[in-house]
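Peer 1: sequence unknown, structure follows:
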């Protein structure tokens, strides 16, 4: 159905029914559905390769040098599986992450600073 905000209703026999909303973004071509956001000081954020197996390279570029960045790796349930501080050399960071200890599946990589955050989806196979 394309980009937009979609509502859904969660039905439950043990808890009250609830309604939620999801924003869908098309990244394309090839028009894959993704969850990505960039705000604040981050001008570029890439994960390569994606999908990955044992190692993934993280590249982040900032508009201006700033301290206080953290990296979080979240599983599909939103649980943090990794958390670490990031140190930039000026406005650019390239770093390899060992993901060989993680189960195959979908993850979210979130970079947070006092100015905002950036999120990318990571697939492990």
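Peer 2: Great, that's in hand. Owing to the predicted nature of the structure, the values given are computational and were not obtained by experimental measurement.

Peer 1: just checking, residue 99 touches residue 54?
Peer 2: Yes. Using C-beta atoms under 8 Å, residue 99 is in contact with residue 54, at 6.5 Å. Any C-beta I mention is one placed from the backbone N, CA and C, and that applies to glycine too.

Peer 1: counting neighbours, what do you get for residue 77?
Peer 2: A count of nearby residues for residue 77, using other C-beta atoms under 10 Å, gives 6.

Peer 1: look up how far residue 86 lies from it.
Peer 2: As judged by C-beta to C-beta, to the nearest Å, residue 77 and residue 86 stand 24 Å apart.

Peer 1: next one: residue 74
Peer 2: Residue 74 sits 16 Å away from residue 86, going by C-beta to C-beta.

Peer 1: before we move on, back to that, neighbour count for residue 99 and residue 54, which is higher?
Peer 2: residue 99 (19 against 11).

Peer 1: can you tell me how far that one sits from residue 18?
Peer 2: Residue 99 is 33 Å from residue 18, by C-beta to C-beta.

Peer 1: over to residue 43?
Peer 2: 37 Å.

Peer 1: next one: residue 85
Peer 2: Separation of residue 85 from residue 18 (C-beta to C-beta) stands at 36 Å.

Peer 1: please apply the same query to residue 117.
Peer 2: Separation of residue 117 from residue 18 (C-beta to C-beta) stands at 26 Å.

Peer 1: more neighbours, those two?
Peer 2: residue 117 (18 against 10).

Peer 1: what's across from that one in the sheet?
Peer 2: residue 112 (DSSP bridges).

Peer 1: what's the answer for the one 5 residues further on, then?
Peer 2: According to DSSP bridges, the residues that bridge with residue 122 are residue 107.
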